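**Student:** quick one: sequence and predicted model below, then my questions.
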Amino acid sequence: MDPTFENYELYLDNIAGVMVIDMEGTVTYMNEQCAQYLKVKKNELVGKNVLEVFPHSKMIEGLSYNERRVVFYSSYAGIGISIQKPLFVGNKKVGLLEYDAIQGSEFLYDFADKYRLFLDQEFKYLPREMLLLSGTKYSINNIIGSSQKIINVREQITQAARSNSTVLITGETGTGKELVAHSIHNLSNRRKNPFVRINASALPEALAESELFGYEEGSFTGAIKEGKKGKFEQANTGTLFIDEINHMPLKLQPKLLRALQEKEIDRIGGAKSIPVDVRIIAASSRDLKELIKQDEFRQDLYYRLNVIEIHTPSLRERMDDITQLTESIILDLNLVMGKRIAKVSPTVYRMFEEYDWPGNVRELHNVIERAMNFAEGDSLLPEHFEFKQVIFEKLYQQSEHESNQRTESELLEEENPIETVKNNAERELLIKVLSDCGQNKSKAAEVLKIARPLLYQKMKRLQIEK
Ligand SMILES: Nc1ncnc2c1ncn2[C@@H]1O[C@H](COP(=O)(O)OP(=O)(O)OP(=O)(O)O)[C@@H](O)[C@H]1O
Ligand SMILES: [Mg+2]
């Protein structure tokens, strides 16, 4: 076949994802490639509404534009990018043509790699400079979830961003404290100014003071000759995020308190105080009130820090967010790992709901990442999780068995019948395994394929005597 004008259909069929709709949204044309991509017969869909064919299509929305536009979409094959062009006959708009610029994640990674390479070559230093310009990595849009608890957190962030008061973020490990700190800065009117981060647990006590407050020329051996600015001065006009504030050396706490109250700092070996305009955000995964009782944290500093308190809820407290979090994590990891996971088996979600998640969203991320390494196709299945599989299988066999034996009136009396059945089954299993193991917790944890601390947590929750 000659590649002549007569063969236009051949050319057309080789463009990615061509589809046309009329002003009603009815599909009037679809090329072969598009049909194959959507796994449908080419002519079967002509005459149908586009949303019936492709529920997430943005073509109807595209009918209200007059110019060519770029649209991102997600499908089973990952993320795609299409171009939409309204069709005109004379001055009259008659429909919309869409074709794919990038079809599926594979092309997207390829595109991203080449784009990065191109930018690197064209503007060797520009990408790095741009990253350095903004000190933060996250914004409020990265906080995923729609449970009431997380909605409250987002509201508190917005409110905190409007003021200059000190914020104390509390919450278990992996609940997003860092995310909250970055988001507050990015929403505040300091967003264009520095965001400086310091982790008090990573600071050797001897260095902590000079890291925070800096030092003057020649103030100690090993000091840089011309002196050095501390984090407070670096954060001037911006935000200083003190992570793991619970590890702040006791000796340094009065000096920190003074900086917060007087809004001025003293460099080590400095003769006069230096005024600073810094907004402080601190985070702690330990309960500071407990530390105060043990004389490890100063009460006056606590009150000064705790002007606005934001508590990040544990994953257990917002289990209704787990689907949304999982989907978002998979989308991110698809890109990073070059995978195309689009589905999660309902049993996996049941497993997730059973688990206590002591490491919260960070642990969820790790568990999903590990499972994705085993997944070949487009679905995440229970067998991809090394994770606690055996216990869940046992649990479900037992709970099905039990719930079958209950009468309707018995169930009606229960406030949360499913929860009760699950808890009973879990409790029974734990008691049995503990007894089989002669009450040896390490052994029992091994048999149950859970970590020992989690076993303790479960025993506490299910009121099993130690
Ligand atoms: N609500 C959320 N939405 C999306 N991702 C989240 C959320 N909460 C936490 N994460 C993710 O979980 C991981 C851990 O979050 P982060 O580092 O903010 O936890 P943390 O509370 O500071 O924990 P730690 O006390 O251990 O430092 C990050 O990858 C973060 O992106
Ligand atoms: Mg953190």
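**Tutor:** That came in fine, so what should we check first? Remember, it's a predicted structure, so these values are computed and weren't measured experimentally. Numbers count the residues shown, from 1 in each chain. Ligands and ions are numbered 1, 2, ... in the order given.

**Student:** got phi/psi on the residue in the chain positioned nearest to ligand 1?
**Tutor:** The chain approaches ligand 1 most closely through Gly176 (2.6 Å), counting by Cβ to the nearest ligand atom. Every residue, glycine included, has its C-beta placed from N, CA and C. In terms of degrees, to the nearest 10, the main-chain angles of Gly176 are phi 100, psi 20.

**Student:** again with Phe195
**Tutor:** Torsion angles, degrees, to the nearest 10, at Phe195: phi -120, psi 110.

**Student:** may I ask you to confirm that Val196 belongs to a strand?
**Tutor:** Yes - checked against DSSP: H, G, I helix; E, B strand; the rest coil, Val196 lies within a strand.

**Student:** quickly list what it is bridged to.
**Tutor:** Beta-bridge pairing of Val196, defined through DSSP bridges, involves Leu240.

**Student:** do you know the pLDDT at it?
**Tutor:** Val196 is assigned 95 on the pLDDT scale.

**Student:** again with the one 10 residues further on
**Tutor:** The score at Ala206 is 79. That number is its pLDDT.

**Student:** look up how far Leu179 lies from it.
**Tutor:** 31 Å (Cβ to Cβ, to the nearest Å).

**Student:** out of those two, which sits in the busier spot?
**Tutor:** The neighbour comparison of Ala206 against Leu179 (other Cβ atoms under 10 Å) goes to Leu179, with 21 against 9.

**Student:** wait, that one touches Asn142, no?
**Tutor:** Yes - between Leu179 and Asn142 there is a contact under Cβ atoms under 8 Å: 5.8 Å.

**Student:** sorry, back to before: just list whatever residues bridge to the closest residue in space to the residue of the chain closest to ligand 1 that isn't next to it in sequence.
**Tutor:** Counting by Cβ to Cβ, 6 or more residues apart in numbering, Gly176 lies nearest to Thr312, which is 5.1 Å off, once chain neighbours are set aside. Under DSSP bridges, the beta-bridge partners of Thr312 are Gly171.

**Student:** start at 27 instead
**Tutor:** OK, 27 is where the count begins now, so the last one is Thr338.

**Student:** okay, now Thr338: neighbour count?
**Tutor:** 26.

**Student:** hmm, Ser340 and Gly385 touching each other?
**Tutor:** No - counting by Cβ under 8 Å, Gly385 does not reach Ser340; the two are 10.0 Å apart.

**Student:** could you check how far the residue nearest to Gly202 is from Asn225?
**Tutor:** 17 Å.

**Student:** same question for Arg330.
**Tutor:** Taking Cβ to Cβ, one finds Arg330 at 20 Å from Asn225.

**Student:** repeat for Asn69
**Tutor:** 62 Å.

**Student:** who has more neighbours, these two?
**Tutor:** Neighbours were counted for Asn69 and for Asn225 using other Cβ under 10 Å; Asn225 has more, 14 against 11.

**Student:** how about the nearest residue to the more buried one, chain neighbours excluded?
**Tutor:** Nearest non-adjacent residue to Asn225 (Cβ to Cβ, 6+ apart): Asp269, at 4.5 Å.

**Student:** for that neighbour, give me its contacts.
**Tutor:** Lys203, Glu204, Ala207, Arg223, Ile224, Asn225, Ala226, Ser227, Ala308, Ala309 (Cβ atoms under 8 Å, 6 or more residues apart in numbering).

**Student:** circling back to that earlier point, if I look at the residue of the chain closest to ligand 1, what pLDDT would I see?
**Tutor:** 96.

**Student:** what sits against it?
**Tutor:** Ile169, Thr338, Asn386, Val387.

**Student:** restricted to strands, list the residues you listed.
**Tutor:** Thr338 (DSSP state E).

**Student:** let me know the next secondary structure element after the helix or strand where Val96 lies.
**Tutor:** Element membership of Val96, judged by DSSP states H and E, is strand 95-101. Sequence-wise, the next helix or strand downstream of strand 95-101 (DSSP H and E) is strand 104-115.

**Student:** parallel or antiparallel, list what pairs with that next one.
**Tutor:** strand 95-101 (antiparallel), strand 118-128 (antiparallel).

**Student:** buried ones in it?
**Tutor:** Gly104, Ile105, Gly106, Ser108, Ile109, Gln110, Pro112 (16 or more other Cβ atoms under 10 Å).

**Student:** in JSON lines, list the residues you listed along with pLDDT and distance to ligand 1.
**Tutor:** Shown next, in JSON lines, are these (pLDDT from 0 to 100; distance: Cβ to the nearest ligand atom, whole Å):
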{"residue": "Gly104", "pLDDT": "71", "distance to ligand 1": "20"}
{"residue": "Ile105", "pLDDT": "81", "distance to ligand 1": "18"}
{"residue": "Gly106", "pLDDT": "85", "distance to ligand 1": "24"}
{"residue": "Ser108", "pLDDT": "93", "distance to ligand 1": "28"}
{"residue": "Ile109", "pLDDT": "96", "distance to ligand 1": "31"}
{"residue": "Gln110", "pLDDT": "96", "distance to ligand 1": "31"}
{"residue": "Pro112", "pLDDT": "95", "distance to ligand 1": "37"}
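
**Student:** helices of the stretch 27-176 of the chain, start to end?
**Tutor:** Along the stretch 27-176 of the chain, counting by DSSP state H, counting those that start in this stretch, helices occupy 34-39, 58-63, 76-79, 85-88, 131-148, 152-159, 174-188.

**Student:** out of the ones you listed, which is closest to Tyr125?
**Tutor:** Closest of the helices of the stretch 27-176 of the chain to Tyr125 is helix 58-63, at 8.2 Å (criterion: Cβ to Cβ).

**Student:** contacts for that closest one?
**Tutor:** 39-45, 67-68, 71, 103, 126, 129.

**Student:** stretch 336-345 now?
**Tutor:** By Cβ under 8 Å, 6+ apart, stretch 336-345 touches 171, 173, 175-176, 179, 182-183, 186, 193-198, 200-203, 206, 347-348, 351, 379, 382-383, 386-387, 389-390.

**Student:** run the last query once more with 6 Å
**Tutor:** 173, 175-176, 182, 195-198, 201-203, 206, 379, 382-383, 386-387 (Cβ atoms under 6 Å, 6 or more residues apart in numbering).

**Student:** quick check: mean pLDDT of it?
**Tutor:** pLDDT averaged over stretch 336-345 gives 95.

**Student:** stretch 358-366 too?
**Tutor:** So the average pLDDT for stretch 358-366 ends up being 88.

**Student:** and what of stretch 465-483?
**Tutor:** Mean predicted lDDT for stretch 465-483 stands at 88.
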